[in-house]
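Participant: need a 3D model of the following:
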Amino acid sequence: MLDGFFLTFSIILGVGTITALVRGRSLGWLVPIWFLISTASTELAVWVLILVVFLLQFALVFLDISEGTVYLGMLCLAASLTGMLVVLRRHFEAGHIFERALAAGIGDDFESAIPVARRKRLSRQIRASDWLHPLTFARKGVRLERDISYGPHGKRNLLDIYTPVSGGEGMPVLLQIHGGAWMYGHKGEQALPLLHHMAELGWVVVSINYRLSPSATFPDHIIDVKRAIAWVRENIDQWGGNPHFLAVTGGSAGGHLTALAGLSPNYAPWQPGFEDVDTQVQAVMPLYGAYDLVDRHQIRRNTGIDNPVLNRVMKENKEQNPKLYDLASPVTWINDQAPPFFVVQGENDTLVWAEESRRFVAELGAVSQRELVYAELPGAQHSFETVHSPRTSHWLNAAAWWLEWAYADWMQRQIED
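Facilitator: Predicted coordinates for the structure are as follows:
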């Protein structure tokens, strides 16, 4: 019985390793299953590796490795050990990838634009104390105030505010928009490493809920995002934030809404009742977002998830209302006045393929007059940064450097103007 359990567990770990190494493409109904297994195996690679080593030692001490069942399990674990070492190598290499992306997008000397006092808070080092505790997010230097209303739609129009315990005035502001296929998700579930990290560095961080489908129909989602931006503009000074500098970020559906908000400021039909409020943002940082719901280049047609999701979000298909899909696509809104962008994408993303981010970046870069950074991470899965890992630690460092650069650049432009 113990031999059978050992083999079963070894095979499960082997399957997880395969999903961590291989891109899952065109899988139909297997997409969500592959995504969940791959995410756990890829982003918790440290713990998967520890478990593999433990099981190998367990077999050597307590089992008869000459038995066929145990021997087969040992082979699976040996393969998993090799594969997880490759996965972990990709985690640690993320730092170099982010460094090259930042240098290419904002210049080799971007650090010099950041005031020395703020620059001293930043780091390129990563700490094992973070990624050995993947689900520990709270920081002693961060205060959290929950469930503040920003609009008329009850629980879906609530936000949380993270501030440094030390306090301050005129601090830059970061707005987080959660993902979840526009149908799921909550402000307290995603990007928690980033929210606490930036608040610890002296930012005011706002994380919002918004109305979800199928109860909500697009453009309800982006209307709520813009309503939240308007609320921040009018109220964030009460928490020490600078209402004139607002960066926005989010992943997946939140990445889509992040890019859409950054490219469509002050669009009156999406600001009902607050048309005169300035909803322009100063920096945009989308992660693994959907950028072309029309699918002009036939990238999304093979993902297997468009129709089940978008039919619930739009309530109409592309043939019935092509204008709605066009308006909902960030690529439609690309213009030469776009703010600075930092686009992040996992190469092994099962849900939103890397080709879509590459196309969006190419089209934005051909038009925008502002800086554009693109980082594509080998081996990274969708939602890679929702738990602590070596790769997440490198991401937090890169995000902080870019956000501080964007804030410093904005401050300098205010002086020059």
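
Participant: quick one: the strands in the stretch 201-350 of the chain, in order.
Facilitator: For the stretch 201-350 of the chain, the strands defined by DSSP state E, counting those that start in this stretch cover 204-208, 241-251, 283-287, 341-346.

Participant: so which of the ones you listed comes closest to residue 107?
Facilitator: Residue 107 lies closest to strand 341-346 among the strands of the stretch 201-350 of the chain, at 13.8 Å (Cβ to Cβ). From N, CA and C alone the C-beta is placed, and that goes for glycine too.

Participant: after that closest one, which helix or strand is next?
Facilitator: Per DSSP states H and E, the first helix or strand lying C-terminal to strand 341-346 is helix 354-365.

Participant: put the alpha carbons of that following helix into PDB.
Facilitator: Extracted C-alpha coordinates of helix 354-365, given in PDB (Å, rounded to 0.1, in the frame of the first residue of the first chain):
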ATOM      1  CA  ALA A 354       2.600  35.900 -25.100                       C
ATOM      2  CA  GLU A 355       2.000  36.600 -28.800                       C
ATOM      3  CA  GLU A 356      -0.900  39.000 -27.800                       C
ATOM      4  CA  SER A 357       1.400  41.000 -25.500                       C
ATOM      5  CA  ARG A 358       4.100  41.100 -28.100                       C
ATOM      6  CA  ARG A 359       1.700  42.500 -30.700                       C
ATOM      7  CA  PHE A 360       0.300  45.100 -28.300                       C
ATOM      8  CA  VAL A 361       3.800  46.300 -27.400                       C
ATOM      9  CA  ALA A 362       4.800  46.500 -31.000                       C
ATOM     10  CA  GLU A 363       1.800  48.600 -31.900                       C
ATOM     11  CA  LEU A 364       2.100  50.800 -28.900                       C
ATOM     12  CA  GLY A 365       5.800  51.300 -29.400                       C
END
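
Participant: if you count neighbours, what's buried in that helix?
Facilitator: 354, 356-357, 359-361, 363-364 (16 or more other Cβ atoms under 10 Å).

Participant: same deal with stretch 131-151?
Facilitator: Buried, per 16+ other Cβ under 10 Å, within stretch 131-151: 131, 134, 137, 139, 142, 144, 150-151.

Participant: which ones among those residues are found in helices?
Facilitator: Residues of those located in helices (DSSP state H): residue 131.

Participant: show only the entries of the buried residues of stretch 131-151 found in strands.
Facilitator: Using DSSP state E, the members of the buried residues of stretch 131-151 that fall in strands are 142, 144.

Participant: rewinding a little: what is the nearest of the buried residues of helix 354-365 to residue 225?
Facilitator: Of those, the one sitting nearest to residue 225 (Cβ to Cβ) turns out to be residue 360, at 18.3 Å.

Participant: which residue packs closest to that closest one, ignoring adjacent ones?
Facilitator: Spatial nearest neighbour of residue 360, chain neighbours left out: residue 291 (3.9 Å); criterion: Cβ to Cβ, 6 or more residues apart in numbering.

Participant: now the one you found: how far from residue 334?
Facilitator: Using Cβ to Cβ, to the nearest Å, residue 291 is found at 9 Å from residue 334.

Participant: go on, residue 108?
Facilitator: Distance from residue 108 to residue 334, by Cβ to Cβ: 27 Å.

Participant: between the two, tell me which one has more neighbours.
Facilitator: Per other Cβ atoms under 10 Å, whichever of residue 108 and residue 334 has more neighbours is residue 334, with 18 against 10.

Participant: tell me the centre residue of the protein?
Facilitator: residue 251 (3.6 Å; Cα atoms, centre = their mean).

Participant: circling back to that earlier point, quick one: the buried residues of helix 354-365 as CSV, columns for distance to residue 76 too.
Facilitator: Shown next, in CSV, are these (distance: Cβ to Cβ, whole Å):
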residue, distance to residue 76
354, 29
356, 35
357, 34
359, 39
360, 39
361, 39
363, 44
364, 44
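
Participant: can you put those in TSV and add distance to residue 341 and pLDDT?
Facilitator: Output for the buried residues of helix 354-365, formatted as TSV (distance: Cβ to Cβ, whole Å; pLDDT from 0 to 100):
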residue	distance to residue 341	pLDDT
354	16	95
356	15	95
357	11	97
359	14	97
360	9	98
361	8	98
363	12	98
364	6	98
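
Participant: so residue 165 sits against residue 143, correct?
Facilitator: Yes - assessed by Cβ atoms under 8 Å, residue 165 is found in contact with residue 143 at 5.2 Å.

Participant: tell me how this structure divides into domains.
Facilitator: For the chain, automatic domain parsing gives the domain ranges 2-90, 93-416.

Participant: pick the most deeply packed of the ones you listed.
Facilitator: The highest average neighbour count among the domains of the chain, using mean count of other Cβ atoms under 10 Å, belongs to domain 93-416 at a mean of 19.

Participant: report pLDDT for residue 27.
Facilitator: What the model reports as pLDDT for residue 27 is 79.

Participant: let me fix that, I meant to ask about residue 298.
Facilitator: pLDDT recorded at residue 298 is 87.

Participant: residue 302 too?
Facilitator: Residue 302 carries a pLDDT value of 68.

Participant: just the C-alpha atoms of stretch 39-49, please, in CSV.
Facilitator: Written as CSV, here are the backbone C-alpha positions of stretch 39-49 (Å, rounded to 0.1, in the frame of the first residue of the first chain):
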residue,chain,number,x,y,z
THR,A,39,0.8,27.5,-11.7
ALA,A,40,1.2,25.5,-8.5
SER,A,41,4.2,23.6,-9.9
THR,A,42,5.9,26.6,-11.5
GLU,A,43,5.4,29.3,-8.9
LEU,A,44,5.9,27.1,-5.9
ALA,A,45,8.9,25.4,-7.5
VAL,A,46,11.0,25.8,-4.3
TRP,A,47,8.6,23.8,-2.3
VAL,A,48,8.0,21.2,-5.0
LEU,A,49,11.7,20.7,-5.2
